[in-house]
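Student: Structure of the sequence below:
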Amino acid sequence: MSDPDQPRIIRFGSFEVDKRTGELRKKGSLVKLQQQPLQILLALLQRRGDIVTREELRQQLWPEDTFVDFDHGLNAAVKRLREALGESADSPVFIETLARRGYRFTVPIDGSESVAGTNIIAPERDDKGRARRWTLLGVSVVALSAALVWAVRASLKRPSPSSKPTIAERKLTANSTENPIDGAAISPDGSYLAYSDTTGLYLKLIRSGEVHRIGVPGGFSAHLEGWLPDGAHVLVSRAERPEGTLALWNVPIVGGAPRKIIDDGWGASVSPDGTRIAFLRGAPGFDLLAYRKELWIARIDGSDAREVASTKPDEVFAAPAWSRDGLHLAYIRVHQGDDYSMIVNSVELKDTQSVQSRVLFSSRGFGDSLCWLPDGRLVYNLQEELNHEDSNLWALQVREPLQNSSDPIRLTRGSGWVTNIRATTNGDTLEFLRKSRHNQVLVAGLVSDGRQLLAARRLTLDENNNIPFSWTPDSKAIIFTSDRNGTFDLFIHAFDQSLPEPLVTGPENKFVARLNAEGTELLYLSVPATATPDTPLSIFAIPLAGGAPRLVLREKYITNLQCARLPSTLCAYSVNTSGKELIRRFDPKTGESSPLAEFPSLGMPTGWSLSPNGSLLAMARYQPDQGIIHLRSTSDNTNRDLIVKGRVGLATADWAADGNSFFATSMDRERKSTLFNLRLDGSTYLLMKDDKDSVDSIEWAIPSPDGTLLAIHKFTGIANAWSLTNF
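Tutor: Okay, the predicted model is just below:
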């Protein structure tokens, strides 16, 4: 039997929940809530202000002998609870998500044992109890009146503890999509912002907004790394010609010429006393971002350089950051798994005297930037669980021993990828870049046998992520995937229509849509919304004229699929695992499959394309210093290499409609991308280029079946600098 003194009704905001009846009401109206979301709500209310771990919720919701996909079940139950409360994970009102740990019911604290905004109502008593309450209420009113008078007088003498300023974000730059910020850093005293974009290096007085160009020789394009502690110099990295390696330079803010201090250096951090520099060296060969294979320390003039950490073949480094006492370095080690999507980032601490290192924490969602504050807090960016294109800032207090470090505290809640974290000397202001990117579909005409591109235009005039994969057989419409419904669904967009028509919708994400050899069905890859790297993926088929999808086959680690055109009936898909790319032929009608080709993947997916007649596989593996297309016969497995003239860093190569050339993309070490037509003799014809960094990039191009049009997948984005205070 329940205790009659136990609170039965709990109110918060405009809601109240009755524990006995299991009813949730909003302003008196009943809100539908299933049993598991109700149990989660009661558990959070019972320990409001404290973290309720995911494991504790598992034990409460599912008995030990229950076999269930716990992560998916809990995520779904929390989502239903949020929907009932009118909030989302991106805009929480009552429930805070602590990444990969649990949840917390949050409301303002008024300094007493109870939580302001949460009222607990006891069950009704008899008349004696009611009379006693009236007596207590009278005493309480008198006491409350006296307390209010005292509080008013006290507030005139000193500020209220609750008057602490809230965390404030401020946008420091307003560059457009055509000119994204590439690198930025706030000055040691917080007065200036130094930044780099596609047009040069600049200095902005934050208070007034005045902007001045930093005087450097003509053609000296560079990436802003950070300030030296003297506030008179900045550190930049720039690509050296002709080899394209990145070197570090010391650039004076006013007067004087830039001076190179480190060859082959990137991702630098200057020690607080300004005497040493930590930097990364050694391009990994397969990645386009600011990761490197080696961690080095040198004097500020570049002398006495020594390597302090190196990686295994499947690892890279990022984001070295000095502790404010100069005795430790924090950095990120990225572990590349067997499957290219299985990436785990570890934050490690290294003693610069003994060169010993320790792991602070690891996470698959950990980002690419670190900043150490004077009070011992380490600020980092963490990928959002629901949208992997977004990250936000978190901070934890690093203590010895490391297991005594504080729980992480969330600092920002914006959209876009937050990175490039810097701080003032006193640590009261953070500066960071916020980048957002969108997938767009461009359409352009082809002339001169594919060697020339007519003016390109956007297919869809919206800000959704739209990714092209195929054409209708008559070349009059593009088939693409879009997240306009929340998940990635398949759409057909005809050129004579203003809006696309849905083809396949549903709770799972749909990618890599390709026509079968006959052009009658569309094959596509289906990825569960809650997929992990080990989740089996599915290939479905759906009639192009409309109908229900049917399952063709299911397998882990599928990366691509394509079909030839009649008279060939060959269809193939690839699986990336254990450092190999396995290509298997399959029958779209029965789902039966067999090996077709195998080659090393070097830890990354290889772009491959099946020729229209089904006779050749073309494979492009990104190598920043080489331009090679590997051709393999599908009949006898013989190989030959196509040497691309004058192009390196090939990323993709899709066959032209006539099978006599490719539409290929490349990206150089400065992360500038190009689209070109590649002939079978190795000659190239430039079609499109993007001179901005990886915020914008040309990904791939799919020709129409009649060879007159090209659908181009292009990333466009925006990047600006922001500041954060009162954190």
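Student: Low-confidence ranges, the chain, go.
Tutor: 1-7, 63-69, 107-164, 241-244, 283-290, 336-344, 386, 601-605, 669-670, 691-695 (pLDDT under 70).
Student: I'd assumed Gly73 was in a strand, is it?
Tutor: No. When classified by DSSP: H, G, I helix; E, B strand; the rest coil, Gly73 is found to be helix rather than part of a strand.
Student: Mind giving me the packing neighbours of the longest strand along the chain?
Tutor: Taking DSSP state E as the assignment, the strand of the chain that covers the most residues is strand 429-447. For strand 429-447, the contact count by 3 or more C-beta pairs under 8 Å, 6 or more residues apart in numbering; DSSP states H and E identifies strand 183-186, strand 417-423, strand 452-453, strand 457-458, strand 466-471, strand 477-482, strand 709-725 as packing neighbours. For glycine as for every other residue, the C-beta is placed from the backbone atoms N, C-alpha and C.
Student: could those go into CSV alongside mean neighbour count and distance to Gln562?
Tutor: Written out in CSV, the entries for these read as follows (neighbours: other C-beta atoms under 10 Å; distance: least, C-beta to C-beta, whole Å):
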stretch, mean neighbour count, distance to Gln562
strand 183-186, 25, 39
strand 417-423, 25, 31
strand 452-453, 18, 23
strand 457-458, 12, 26
strand 466-471, 24, 10
strand 477-482, 24, 14
strand 709-725, 21, 15
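Student: Look up phi and psi at Gly209.
Tutor: The main-chain torsion angles of Gly209 are listed as degrees, to the nearest 10 and equal phi 90, psi 0.
Student: What is the neighbour count of it?
Tutor: Close neighbours of Gly209, defined as other C-beta atoms under 10 Å, add up to 8.
Student: Ok, Leu433 next?
Tutor: Other residues near Leu433 number 25, with proximity taken as other C-beta under 10 Å.
Student: I'd guessed it sits against Arg422; true?
Tutor: No. At 9.5 Å, Leu433 does not count as touching Arg422 under the criterion of C-beta atoms under 8 Å.
Student: ok, for Thr569, nearest residue in space, not its chain neighbours?
Tutor: By the measure of C-beta to C-beta, 6 or more residues apart in numbering, the closest residue to Thr569 outside its immediate chain neighbours is Ala517, 4.6 Å from it.
Student: what sits against that neighbour?
Tutor: Residues counted as contacts of Ala517 (C-beta atoms under 8 Å, 6 or more residues apart in numbering) are 563-566, 568-571.
Student: where do the helices sit along the stretch 51-200 of the chain?
Tutor: In the stretch 51-200 of the chain, the helices defined using DSSP state H, counting those that start in this stretch lie at 54-61, 70-85, 127-157.
Student: picking that back up, please enumerate the shared neighbours of Leu433 and Arg422.
Tutor: By C-beta under 8 Å, 6+ apart, the residues touching both Leu433 and Arg422 are Ala184.
Student: coming back round to it: among the contacts of Ala517, which pair sits farthest apart?
Tutor: When these are compared pair by pair using C-beta to C-beta, the farthest-apart members prove to be Leu566 and Cys571, with a separation of 12.0 Å.
Student: which of the two has more neighbours?
Tutor: The residue with more neighbours, out of Leu566 and Cys571 and counting by other C-beta under 10 Å, is Cys571; that gives 24 against 13.
Student: what about the spatially closest residue to Phe495 that is not a sequence neighbour, neighbour count?
Tutor: With C-beta to C-beta, 6+ apart as the criterion, Phe495 has its nearest non-adjacent residue at 6.1 Å, and that residue is Lys476. Per other C-beta under 10 Å, the neighbour tally for Lys476 reads 15.
Student: quick one: contacts for Lys476?
Tutor: Contact criterion C-beta under 8 Å, 6+ apart gives 494-496 as the residues in contact with Lys476.
Student: Select from the residues you listed the one having the most neighbours.
Tutor: Ala494 (14 neighbours).
Student: so what's that one closest to, chain neighbours aside?
Tutor: Excluding its sequence neighbours, the residue lying closest to Ala494 (C-beta to C-beta, 6+ apart) is Ala477, at 4.1 Å.
Student: give the contact list for that neighbour.
Tutor: By C-beta under 8 Å, 6+ apart, Ala477 lies in contact with 471, 492-495.
Student: what secondary structure does the residue nearest to Thr569 sit in?
Tutor: coil.
Student: Relative to Asp587, how far out is it?
Tutor: Distance, Ala517 to Asp587, using C-beta to C-beta, to the nearest Å: 11 Å.
Student: intersection of neighbour lists for these two?
Tutor: Where contact means C-beta under 8 Å, 6+ apart, the residues bridging Ala517 and Asp587 through contact with each are Cys571.
Student: Tell me the spacing between the residue nearest to Thr569 and Trp608.
Tutor: Shown here: Ala517 relative to Trp608, a distance of 17 Å by C-beta to C-beta.
Student: Then Arg647?
Tutor: 18 Å.
Student: Show me which of the two is the more surrounded one.
Tutor: Between Arg647 and Trp608, counted using other C-beta under 10 Å, the more crowded position is Trp608 (25 against 20).
Student: could you say which helix or strand contains that one?
Tutor: strand 607-610 (DSSP states H and E).
Student: Skip ahead from that strand and say which helix or strand is next.
Tutor: Moving toward the C-terminus from strand 607-610, the next helix or strand (DSSP H and E) is strand 616-620.
Student: helices and strands around that following strand, which ones?
Tutor: Under the contact rule (3+ C-beta pairs under 8 Å, 6+ apart), strand 616-620 is packed against strand 593-600, strand 607-610, strand 628-633, strand 650-655.
Student: give me that answer again for 6 Å
Tutor: With contacts defined as 3 or more C-beta pairs under 6 Å, 6 or more residues apart in numbering; DSSP states H and E, strand 616-620 has these neighbours: strand 607-610, strand 628-633, strand 650-655.
Student: Dump it to PDB, keeping only the CA atoms.
Tutor: As requested, C-alpha coordinates have been extracted for strand 616-620 and formatted as PDB (Å, rounded to 0.1, in the frame of the first residue of the first chain):
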ATOM      1  CA  LEU A 616      34.700  -2.000 -67.100                       C
ATOM      2  CA  LEU A 617      34.900  -0.800 -63.500                       C
ATOM      3  CA  ALA A 618      36.600   2.500 -63.000                       C
ATOM      4  CA  MET A 619      38.000   3.200 -59.500                       C
ATOM      5  CA  ALA A 620      39.200   6.600 -58.100                       C
END
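Student: Sounds good, over and out.
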